[in-house]
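Participant: Task: produce atomic coordinates for the following.
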Amino acid sequence: MISIYIKEKPIYLTDNKGHFDKACEMLDFDCYPDKLSALIEAFENESTKSNMAFVYSSNLKKLFSDFCQFYKIIEAAGGLVFNKEDKILAILRNGIWDLPKGKVEKGESCDDAALREVEEECGLKKIKLIKFLTKTYHTYFDPRKNRRVLKISHWYEMKSKSDKLIPQAEEGIEQAVWLALNELKSKKPIYNNILLILEKWPNYES
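Facilitator: Purely as a prediction, here's the structure:
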């Protein structure tokens, strides 16, 4: 199952009809492929009262590919970074709690981008990448280029021997702090896909 957040509400792409929930919006893509566009627009325009939706197809790979046709894809990478006390590096960016991440540059690998973005956004040194964790998906509208964007973020577990943080103010980062897992979960406002990462820790699907 792939969880894609639009305006902080999830659309779940699934190849398992057992995931269907009568309490929310549902679409059988195999039977009604032309209705996907309307569902996306309803979430983008906030014209639906549904807090989530499930879209089913027997071919999840094709469903995701068709979903992506509505968007410009941007790859990003970031870190779930722990210090020696097992606290997590969190940032307050433009008034919303987040984890450090940023765009993958042309010719750059996702793991290199994740390390670079953590260092740039938080001024953190002595970072060690441990392993890949998961991917998250969220959409937004880019008014400068007048286009929809689907950001695919690749997340890595990291360890740091240093605690010194310098938030990158020019990127809208007001704070960079070390927080206990439960403390970070309780912060508000916080992006739902970040909560998804925290709720899964440490039991990620491969």
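
Participant: And the lowest mean pLDDT element among the helices and strands of this structure?
Facilitator: strand 25-28 (a mean of 93; mean pLDDT, DSSP states H and E).

Participant: Would you mind writing the CA trace of that strand as PDB?
Facilitator: C-alpha atoms of strand 25-28 as PDB (Å, rounded to 0.1, in the frame of the first residue of the first chain):
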ATOM      1  CA  GLU A  25     -14.200   7.300   0.100                       C
ATOM      2  CA  MET A  26     -13.400   4.300  -2.100                       C
ATOM      3  CA  LEU A  27     -12.500   3.900  -5.800                       C
ATOM      4  CA  ASP A  28     -12.100   0.700  -7.800                       C
END
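
Participant: Run me through the strand neighbours of it, direction for each.
Facilitator: strand 53-56 (parallel) (DSSP bridges).

Participant: Other residues contacting stretch 152-163?
Facilitator: 73-84, 89, 99, 101, 104, 110-111, 113-115, 118, 124-138, 178, 193, 197 (CB atoms under 8 Å, 6 or more residues apart in numbering). Any C-beta I mention is one placed from the backbone N, CA and C, and that applies to glycine too.

Participant: hang on, I meant stretch 11-28
Facilitator: Contacts of stretch 11-28 (CB under 8 Å, 6+ apart): 1-5, 35-36, 39-40, 43, 48, 50-60, 63-64, 67.

Participant: which among these end up buried?
Facilitator: Those of the contacts of stretch 11-28 that meet the buried threshold are 2-5, 36, 39-40, 43, 48, 52-57, 60, 63, 67, by 16 or more other CB atoms under 10 Å.

Participant: does residue 148 really touch residue 74, like I thought?
Facilitator: No: contact status for residue 148 versus residue 74: not in contact, 10.8 Å apart, counting by CB atoms under 8 Å.

Participant: those helices in the chain, which residues are they?
Facilitator: Ranges of helices in the chain, per DSSP state H, are 36-44, 60-68, 110-122, 181-185, 192-200.

Participant: residues of the longest one that come out buried?
Facilitator: By that I understand helix 110-122. 110, 111, 113, 114, 115, 116, 117, 118, 119, 121, 122.

Participant: Farthest from the middle of the chain: give me that residue.
Facilitator: residue 31 (29.0 Å; CA atoms, centre = their mean).

Participant: now it: how far from residue 64?
Facilitator: 18 Å (CB to CB, to the nearest Å).

Participant: what's the burial count for the spatially closest residue to residue 35 that is not a sequence neighbour?
Facilitator: Closest residue to residue 35 in three dimensions, ignoring its sequence neighbours and counting by CB to CB, 6 or more residues apart in numbering: residue 27, at 5.7 Å. Around residue 27 there are 20 other residues, counting by other CB atoms under 10 Å.
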